[in-house]
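Participant: predicted model follows, preceded by the sequence.
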Amino acid sequence: MPDKIHAGSNQLVALLADAEPTALAETLTAFANADGGTLYVGVNEDGSPTDATAPEDFDAAIQQAERLCRPPIPVSWEQLEVGGAFVFVGRVARAVGLHTLADGRILVRAGALNRVISGAQVQQLATTRTTGEYEAEPQPGATREDFDADILREFVEAWSKRQGRPHTGALDDMLIELGWLTPGKQPTVAGILLFSRKPQVFIPRSGLTFVRFDGPPGVNTTERREEGEAVYGRRVEVEGPLAHVIRRTWDIIQEEIRVGAVVKGLERKEQWLYPPTAIREALVNAVAHRDYRVRGRAIEVRMFPDRLEIYSPGGLPGFITLDNIVEEHFSRNPRIVNGLYQWGYIEELGLGVDLMIEDMVNAGHPPPEFRPTDHSFTVVFQSVQERRPLMPTTSDLTMNERQAKALSFIQQNGRLTNRDYQLLCPDVSPETLRLDMVDMVERGVLLKIGQKRGTYYIMK
């Protein structure tokens with residue numbers, strides 16, 4: 001019998017110490033309106049059981065919670081015994097329509113919090129819902145035989161490694177449960193994109209185009225030269241299942257952004273035009289979150305002398321905007337995202353944008369620029385380095401976006417006061433900002449100088 005719950009790294013997980021009906025209803029609604037999730041009732045934040053909820057009390061609380069949700073939310077509950085206490089686990093699927101609470105509030109799951117949305121965000125989320133879940137639709141003309149056995153075997157091996165145990169059940173049962181086959185065993189759109197040897201036969205332009213443009217910095221054109229030759233120096237059409245599209249494109253990008261290596265002692269250290277982790281995250285996000293209903297254009301990776309652009313068909317999904325893109329998480333294609341996560345191409349759900357910003361700033365580059373339109377989303381990375389790198393790699397130090405802003409400010413200005421930090425992050429509470437600074441001082445990144453109002457911070 002385990003003594004703790006290990007919820008994993010999926011951000012759409014909630015731990016509740018007791019079965020309080022309002023908290024239950026809020027979390028169930030937030031999960032249904034976002035990407036679904038798993039709710040653990042009767043555990044502390046560290047996963048240890050509280051022994052605070054008896055089965056009969058839980059049944060009464062969940063009935064009250066269900067009455068607070070409009071419309072009712074289907075939940076698959078199971079009861080576990082952990083450390084000699086009862087823990088209740090509820091799994092909520094992503095809903096097709098919007099759910100509200102009895103008091104009219106509409107919530108979504110944002111990281112580890114349930115957040116109320118209103119106005120334009122509600123309208124945007126409702127519009128996304130009414131388009132239907134394209135990735136879950138049966139793929140016309142496809143049969144179970146269109147799933148490639150070698151690709152499925154590769155996935156199951158990766159799944160077993162991620163789960164820490166071999167897969168022992170029937171493979172088709174897994175494919176149905178995760179939305180890649182219908183109960184009648186017809187491949188869904190998501191299943192074809194993940195497991196067909198060539199999904200582009202069924203879904204045109206579902207691959208990727210890599211183009212390197214030659215010419216002076218600042219050029220932003222795909223026009224042809226007067227003599228009829230294209231301005232690009234390299235063009236590759238990448239097709240196949242999504243995992244292979246990512247893998248092949250990443251190999252191409254590495255060839256283009258690797259600028260050499262430095263050998264120190266016995267260690268060889270690669271040098272890059274752009275921080276690799278940031279570019280890889282943008283690539284994976286483009287593949288995972290593009291709108292596959294858009295048939296006329298593929299994902300594009302466009303490399304210019306002074307910048308790299310990753311273009312993805314389809315605007316920002318759900319309630320995501322430029323203002324909340326770092327803090328919020330919503331997947332247009334949750335079944336595809338889950339497949340790439342289990343395959344190992346997504347390390348931790350919902351952290352891609354944070355890593356892009358962090359790695360670019362750490363390497364001395366400007367933060368990536370995000371360019372949304374109604375029908376596309378482009379991430380732009382500038383090759384110029386505005387300052388010396390703050391640290392070699394993100395493996396040495398994990399920062400949030402606020403801390404990255406603070407370090408960038410210090411690099412440019414020499415010091416940072418508490419007032420400077422508040423101006424950089426005007427919507428964040430002073431206590432949160434104080435804890436950010438304490439964290440960086442304790443980890444030896446910053447030095448704290450002075451006391452009280454005279455306090456400021458410099459690089460250590």
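Facilitator: Good, I have the coordinates. Numbers count the residues shown, from 1 in each chain.
Participant: give me the residues contacting stretch 424-444.
Facilitator: 397, 399-400, 402-403, 405-407, 409, 418, 421-422, 446-448, 457, 460 (CB atoms under 8 Å, 6 or more residues apart in numbering). The C-beta positions use only the backbone N, C-alpha and C, and glycine is treated the same way.
Participant: at 10 Å instead, please
Facilitator: Contact with stretch 424-444 is made by 323, 327, 396-403, 405-410, 416, 418, 421-422, 445-448, 455, 457, 459-460, as judged by CB atoms under 10 Å, 6 or more residues apart in numbering.
Participant: which of those residues fall in strands?
Facilitator: Within these, membership in strands is found for Leu416, Leu446, Leu447, Lys448, Tyr457, Met459, as judged by DSSP state E.
Participant: filter the contacts of stretch 424-444 to the buried ones?
Facilitator: Among these, those that count as buried by neighbour count (16 or more other CB atoms under 10 Å) are 327, 397, 399-403, 405-410, 416, 418, 421, 445-446, 457.
Participant: next helix or strand past the helix or strand hosting Glu154?
Facilitator: Taking DSSP states H and E as the criterion, Glu154 maps to helix 149-163. Using DSSP H and E, the helix or strand that directly follows helix 149-163 along the chain is helix 171-177.
Participant: now the end-to-end length of stretch 235-247.
Facilitator: Between the opening and closing residues of stretch 235-247 there is a gap of 17 Å (CA to CA, to the nearest Å).
Participant: where do the strands of the stretch 51-200 of the chain begin and end?
Facilitator: Under the criterion DSSP state E, counting those that start in this stretch, strands of the stretch 51-200 of the chain are mapped to 69-70, 75-82, 85-92, 100-101, 106-110, 113-117.
Participant: those: which one's closest to Val337?
Facilitator: strand 106-110 (14.3 Å; CB to CB).
Participant: who does that closest one pair up with?
Facilitator: Its sheet considered, strand 106-110 pairs with strand 113-117 (antiparallel) by DSSP bridges.
Participant: need the contact partners of the strand it pairs with.
Facilitator: Contacting residues not belonging to strand 113-117 are listed as 14, 23, 25-31, 33-34, 101, 105-110, 121-125, 318-319, 324, 327-328 [CB under 10 Å, 6+ apart].
Participant: where does the stretch 351-460 of the chain dip in pLDDT?
Facilitator: Regions of the stretch 351-460 of the chain meeting the criterion pLDDT under 70 cover residues 351, 390-398, 451-453, 460.
Participant: picking that back up, which one of the ones in strands among the contacts of stretch 424-444 is nearest to Ala363?
Facilitator: Met459 (15.5 Å).
Participant: can you list the domains in the chain?
Facilitator: Domain ranges of the chain: 13-129, 144-201, 208-382, 401-459, per automatic domain parsing.
Participant: mind putting the ones you listed in JSON lines, distance to Lys4 included?
Facilitator: Compiled in JSON lines, the domains of the chain are given as follows (distance: least, CB to CB, whole Å):
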{"stretch": "domain 13-129", "distance to Lys4": "4"}
{"stretch": "domain 144-201", "distance to Lys4": "15"}
{"stretch": "domain 208-382", "distance to Lys4": "20"}
{"stretch": "domain 401-459", "distance to Lys4": "25"}
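Participant: list the helices and strands the helix holding Glu154 packs on?
Facilitator: The contact analysis (3 or more CB pairs under 10 Å, 6 or more residues apart in numbering; DSSP states H and E) places helix 149-163 against helix 171-177, helix 189-195, helix 242-257, helix 334-343.
Participant: packing partners for the first one?
Facilitator: Identification of packing neighbours for helix 171-177 by 3+ CB pairs under 10 Å, 6+ apart yields helix 149-163, helix 189-195.
Participant: can you name the residues that contact Val238?
Facilitator: Residues touching Val238, when contacts are defined by CB under 10 Å, 6+ apart, comprise 207-210, 244-249, 251-252, 298-299, 301.
Participant: mind checking pLDDT for it?
Facilitator: At Val238, the predicted lDDT confidence score is 97.
Participant: setting aside sequence neighbours, what's the nearest residue to it?
Facilitator: Closest residue in space to Val238, ignoring its immediate chain neighbours: Leu208 at 4.5 Å, by CB to CB, 6 or more residues apart in numbering.
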